[in-house]
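what follows is a protein structure lacking sequence information:
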Ligand code: CO
């Protein structure tokens, strides 16, 4: 086994025995992107990065990841920042270190496949605004979803980093799908597409250090492009995985400055730099300069610490137990809790690998982790001995149709057939590149924001995020007041807020973490509460398990729990109207109840419409997945109880057919 060459590590005494640095490990810093995306819900503000930008530039990083992933979304949605401007700002201060971004293939920096014209324009504008390295990935590792963006990256003379999402079939690399041959083939495919570097993207912290060694070594023997390892710390293995990968000859690794490292983020840079000192793979980075930057981030963390999920220990052992990404696990837990079905967790874990296999053994990464996870919950809760996949989400239907791309193994034909029955685009799945079935989107976007958007960058913000993008453009051009919670906070604001939270804790309001809340029941309602002008989201449950009543001020006998508004991680577009109780169903019809709590996306029928059994009555969104609610019988729609956009509780009567 090849090892890193190291001399005597007692410095000073044996300098003449020092090993020459033949192959320094290159470091990409992720603090400005994946660091705060992983720890603080991507809320890092441009002004906080600008202050330290010049010092970061002096560190000697191979590159800095500063943009892409979820940043584009959160900047315009929650921070009132123009994502393009933020990028240009950084470029002014960071003149030597190349910039890198995470690009979700045809999904760009959004959550669906965009049409080719949008993808082309987006990459072109990112390059023009200062992006150097494009790290491209696709949740299904279907590289047809790379074709359009890579063409433009190359045309602009920029660096194309091709990524393979690291996934497992069992608990180690190997088995029938995600084995060494799979990854070597993917790497060859990427090299054939012109990849300048190849990234192993281990987004859930699944890579075992010895597998990292074997994989990197084999990749170095198979492809010429430099190999880059990205591994989240989530399971606690990433430090070791980086070291073993370095021993195997990996060229570039990803780290964060230590204050924004570890947990679901990445290994910290300082211990790695110290570890490699005096070896032939010495990074050459100066710990003192890194310390200047880390001290700054230690200080600025005060602004963000309320966003850190401190309920879990630093290591998420569930990743080791179930190979389930942390975010996915909390989604499953929340969904089951909302359904009062936490006792079904074991059954969900049992069925998860089955559902995943039936759906093509997809890697579990956003958005596929959510798609597979929520479908598993639906199967566990709603399937009958006679019927499986009784409640199939719209996203599973899209996956079965081929809209996300080609799955690692074919989707189970029975599941696919059932999912596509009555599917709007057609019942026969496509085999072409998904974007081939999408019409151009840019002309319509341009028209929609005519008079509001001043340039293509503005139009793209809207094209990617119509609702929040338009709202942002209104903020940008002063047509709408920027809400207080979107405006930047100073350290003084942070101190004041801390005082406020203390006050809230001491008074009527009890902070969630300070007091163990009882299990949430069906009567839980969410209220917006203002304390000293500060906005809180308060969940209120009626004690005694009374049936949900109309939304009103908290009754005296309630046990409120409070969370500062900013901590709410749900990236919902606009706050949905407060839930209201459904009116009593009219007599003489069949009441269709909500099978789960969620939000009405839209009713597909109105009062008086004739429906057949099995017709879709409405679309109910739960955990970001859309569920079509079908009519249980033929008849006339007698009553529609909610409006589009309203939240409903489990068992609320949504519609009456008779
Ligand atoms: Co990542």
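Cool, got the structure. Worth saying up front: this structure is predicted, and the values here are computed from it rather than measured.

show me where pLDDT drops low in the stretch 501-650 of the chain?
Regions of the stretch 501-650 of the chain meeting the criterion pLDDT under 70 cover residues 504-585.

ok, now the chain?
In the chain (pLDDT under 70), the answer is 1-3, 6-18, 311-312, 326-327, 504-585.

just to be sure, residue 619 is in a strand?
Yes: Residue 619: assigned to a strand according to DSSP: H, G, I helix; E, B strand; the rest coil.

what's the closest non-adjacent residue to whichever residue of the stretch 201-350 of the chain sits closest to the ion?
Minimum separation of the stretch 201-350 of the chain from the ion (CB to the ion) falls at residue 203, amounting to 5.0 Å. Where you see a C-beta, it was placed from the backbone N, CA and C, and this is true even at glycine. Nearest residue to residue 203, sequence neighbours excluded (CB to CB, 6 or more residues apart in numbering): residue 365, at 5.2 Å.

helix or strand: which one has the one you found?
Assigned by DSSP states H and E, residue 365 belongs to neither a helix nor a strand.

ramachandran coordinates for it?
phi -140, psi 160 (degrees, to the nearest 10).

contacts only, for residue 191.
162, 198, 223, 224, 225 (CB atoms under 8 Å, 6 or more residues apart in numbering).

just those residues: which are in strands?
Counted as lying in strands by DSSP state E, out of the contacts of residue 191, are 162, 198.

among the contacts of residue 191, who's most crowded?
residue 162 (29 neighbours; other CB atoms under 10 Å).

mind checking the SS state of the closest residue to the ion within the chain?
Going by CB to the ion, the ion is nearest to residue 34 of the chain, at 4.4 Å. Classification of residue 34 by three-state DSSP places it in helix.

now swap in residue 64 and tell me
Three-state call for residue 64 (three-state DSSP): strand.

neighbours of it, just the number please.
Based on other CB under 10 Å, the number of other residues close to residue 64 is 26.

that one pairs with what?
residue 29, residue 99 (DSSP bridges).

so who does it touch?
28, 29, 30, 31, 32, 56, 94, 97, 98, 99, 100.

for the stretch 1-150 of the chain, list the residues in contact with the ion, please.
With CB under 5 Å from the ion as the criterion, the stretch 1-150 of the chain meets the ion at residues residue 34.

around the ion, pick out the residues from the stretch 201-350 of the chain.
residue 203.

which residues of the stretch 201-350 of the chain fall in helices?
209-222, 238-247, 269-276, 287-300, 317-322, 326-338, 345-358 (DSSP state H, counting those that start in this stretch).

packing partners of the last one?
Under the contact criterion of 3 or more CB pairs under 8 Å, 6 or more residues apart in numbering; DSSP states H and E, helix 345-358 touches helix 326-338, helix 368-382.

and the fourth one, by the same measure?
Under the contact criterion of 3+ CB pairs under 8 Å, 6+ apart, the helices and strands touching helix 287-300 comprise helix 46-57, helix 269-276.

switch to 6 Å and redo it
Where contact means 3 or more CB pairs under 6 Å, 6 or more residues apart in numbering; DSSP states H and E, helix 287-300 is packed against helix 46-57.

what do you get for the second one?
For helix 238-247, the contact count by 3+ CB pairs under 6 Å, 6+ apart identifies helix 209-222, strand 227-231 as packing neighbours.

using a markdown table, please lay out these together with mean neighbour count.
Output for the helices and strands packed on helix 238-247, formatted as a markdown table (neighbours: other CB atoms under 10 Å):
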| stretch | mean neighbour count |
| --- | --- |
| helix 209-222 | 19 |
| strand 227-231 | 26 |
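
now do stretch 27-39: everything it contacts.
Contacts to stretch 27-39, defined as CB atoms under 6 Å, 6 or more residues apart in numbering, come from residues 44, 49, 61-66, 69-71, 252, 254-257, 260, 264-266, 283, 308.

could you identify the buried members of these?
44, 49, 61-66, 69-71, 252, 254-257, 260, 264-266, 283 (16 or more other CB atoms under 10 Å).
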